[in-house]
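>>> I need the structure of the sequence given here:
(one chain, ligands or ions: 1)
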Amino acid sequence: MTDAVDLSYGATFEHGFPHDFFRKLRDEQPLYWHAPTQYCPDGEGFWVISRYEDCVRVMRDPATFSSDKVSPRTGGGTTLLDEPYAGMAMNNADDPQHRRLRGLVSQGFTPRAIADMETDLRRRAKAILHAIPDPANCEFVTEVARELPLQAICSILGVPEEDRVQLSEWIDHGLMEQSDGVISREYLHLIRDYGRKLIEQKRQKPVNDIMSGIIHARSDDPNEKPLTPLELINFFLLLFPAGAETTRSALSGAMLALIENPDQMAKLRAHPELMPPAVEEIVRWTTPSIYKRRTATSDTEIAGGKIKAGEKLSYWEISANRDERVFRDPFKFDISRDPNPHVGFGTGIHICLGIALARMEIKIMMEEILARFGQFEIQSQPLWMPNNRLLGVRELKLRIS
Ligand code: HEM
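Residues are numbered from 1 along each chain as shown. Here you go, the predicted model:
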C-alpha cells in the first residue's frame, strides 16, 4: 500500500481517526503488516486486523491470541509496548489468572450494585450541569464530559468526597493527559500511595461500598486465593484509564455527533425511549478504545494470511465498527440503528467489566443535558487527543443555552 499511515504515531490521530486508510485495509489487505517505525515501541512491527469478523475471532480465541506475556518475551499486554507488568491486572492476563481476578472483582459489579448507583449518578449529573461556569462559553470536555465518569469511579472505589478533587488532579496530570502514552511516574506514585492507604483502611474497617466488598471478596472455591494487596492496587489503577477516559470520550463524541446530526438530536428529543439504542450507537460511533494488541501463542492463519508464534498483532475495534460487511451505512450516525452488534466494549472473556456502568452514565448524562439545554453551537474546531490508544475529543468549545 503506497499511502501507508503510521499507526504507531500519536499525532496521526490528532485530526480524528484515519477512516479512509482503514476502509482500504478492510477491502484490500485485511491482514496488513505494519513495518516498524521510529515510534514503534521495542522497534518491532506488528500485524493490523481491520475486518469485523477477524477482530471478533481474535477476541474470542484468547488461547491463540494472548493478552499476557508469551515466552520468550519478558513483557506483553494489550498495547504495542511490551509491558513488563503484563499478567498483573485482569485486562492483561490470560485464564486462569484472568478468570480468578475477574471473578473476585466482579462481585462488586453486579447489575444490582450498578443499578443502586442510578439515583446518586443522576444527582451528580444535574450538579455538574448546574456548575458549568458560563454555558455561553463552555469547554464541554473538562466542564462536563470528564466529570461524571471520574465521580462514578471514585464512588465505586469509595474515595471520600473531600479527597476527590485532589485525586482527580493527580489523575489528570498522571494518567489522562499523557498524550504520548507515557504515564508520568511522579503522579502514578502519588495515586498508587493514595490507593494503598485507602485499601488498607478498608481492609481494617470495611464500610458499605463496592471497594470494601472487593477487598474482602472470597471465591466459592476454597483453593482460590483472595486478591493480594498488589492485585488490589493494580485494579485501583486500572479503573481510571479503563473507565474514566473511555466514558469521557464517549460523552464528548456523543455531543459532537448530535450537534453535527441535528435530525438525530431532534429525533432523540421527540422519542426519549430511543435512548438505549442511542447509547449503543454512541459507543459504536465513538469507539473510544480503538485498538488492542495481542501476541500469537502459535503459528496461525487469519484474515487470509499467516501469523507466526510470538508475533504482535493489533485488531481495531473502531474499524470493525465501521465494517460495511456488517453495518448498513456505517458512516451514518443513526440512533435507532437495529441491529447494532458493535464491539466497542469488546467481546469474549475480556468484555468490558464496566458495561452496565458506562451505559448508565452515558444515558443519564445525555438525558440531563437534553432536559436542561435546548441549543448547542460549536464555537471552534474541536481538538482531538494525539493518541493511538484512546481516541477522543480533548477540547470541544460550545455555546449552550
Ligand atoms: C464507553 C465506555 C467504555 C468503553 C468503550 C470500554 C471499552 C472496553 C473494552 C473494548 C474492553 C476490552 C479490553 C480487551 O479486550 O483487552 C474493556 C475492558 C474493561 N473495561 Fe471497559 N470500557 C468502558 C467503560 C468502562 C467502565 C466505566 C469501567 C469500570 C468502571 C470499565 C472497566 C473495564 C475493565 C476492568 C476491563 C477489563 C476486563 C477484562 O479484562 O476482563 N470500562 N473495556
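
>>> please make it C-alpha for all contacts and neighbour counts, starting now.
OK.

>>> the stretch 301-401 of the chain: strands as residue ranges?
Taking DSSP state E, counting those that start in this stretch, the strands of the stretch 301-401 of the chain run over residues 305-307, 312-316, 376-378, 383-384, 393-395, 397-400.

>>> likewise the stretch 101-250 of the chain?
Using DSSP E, counting those that start in this stretch, strands in the stretch 101-250 of the chain cover 138-139.

>>> what parts of it come near the ligand?
102, 153, 239, 242-243, 246-247, 250 (Cα under 6 Å from any ligand atom).

>>> and these, which two are furthest apart?
The two members of these with the most space between them (Cα to Cα) are Arg102 and Ala250, at 24.1 Å.

>>> what about the residue of the stretch 101-250 of the chain found nearest the ligand, neighbour count?
Closest residue of the stretch 101-250 of the chain to the ligand, Cα to the nearest ligand atom: Gly243 (3.3 Å). Close neighbours of Gly243, defined as other Cα atoms under 10 Å, add up to 20.

>>> you'd agree it is up against Gln151?
No. Using Cα atoms under 8 Å, Gly243 and Gln151 do not qualify as a contacting pair, with a distance of 10.7 Å.

>>> can I get the helix or strand of the chain with the lowest mean pLDDT in CSV, CA atoms only?
Lowest on mean pLDDT, DSSP states H and E among the helices and strands of the chain sits helix 164-171, with a mean of 84. Below are the C-alpha coordinates for helix 164-171, written out as CSV (Å, rounded to 0.1, in the frame of the first residue of the first chain):
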residue,chain,number,x,y,z
ARG,A,164,-11.8,13.6,45.1
VAL,A,165,-10.6,16.9,43.7
GLN,A,166,-7.0,16.2,44.7
LEU,A,167,-7.1,12.7,43.3
SER,A,168,-8.7,13.8,40.0
GLU,A,169,-6.0,16.4,39.6
TRP,A,170,-3.3,13.7,40.0
ILE,A,171,-5.2,11.5,37.5
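
>>> check contacts around the residue lying closest to Glu324 once chain neighbours are set aside.
On the basis of Cα to Cα, 6 or more residues apart in numbering, the spatially nearest residue to Glu324 that is not a chain neighbour turns out to be Pro330, at 6.2 Å. Neighbouring residues of Pro330 by Cα atoms under 8 Å, 6 or more residues apart in numbering: 321-324.

>>> can you point out the buried residues in the helix of greatest length in the chain?
Longest helix in the chain by number of residues (criterion: DSSP state H): helix 185-204. By neighbour count with 16 or more other Cα atoms under 10 Å, helix 185-204 contains the buried residues 187-188, 191, 195-196, 198-199, 202-203.

>>> what does Ser66 show for phi and psi?
The phi/psi pair for Ser66 (degrees, to the nearest 10) reads phi -80, psi 150.

>>> can you list the residues of the stretch 101-250 of the chain next to the ligand in CSV and add distance to Ala4 and pLDDT?
Converted to CSV, these look like this (distance: Cα to Cα, whole Å; pLDDT from 0 to 100):
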residue, distance to Ala4, pLDDT
Arg102, 38, 95
Ile153, 39, 93
Leu239, 34, 89
Ala242, 29, 88
Gly243, 32, 88
Thr246, 27, 93
Thr247, 30, 96
Ala250, 28, 97
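
>>> by neighbours, which of these wins?
Counting by other Cα under 10 Å, top hit in these: Thr247 with 29 neighbours.

>>> dump the residue contacts of that residue.
145-146, 149, 288, 358, 361-362.

>>> what do you get for Phe65?
58-59, 294-297.

>>> how about a cut-off of 10 Å?
Contact analysis of Phe65 by Cα atoms under 10 Å, 6 or more residues apart in numbering lists 57-59, 94, 293-298, 300, 309-313.

>>> repeat for His342
Taking Cα under 10 Å, 6+ apart as the test, what His342 contacts is 52, 280-281, 283-285, 287, 317-318, 320-323, 326-327.
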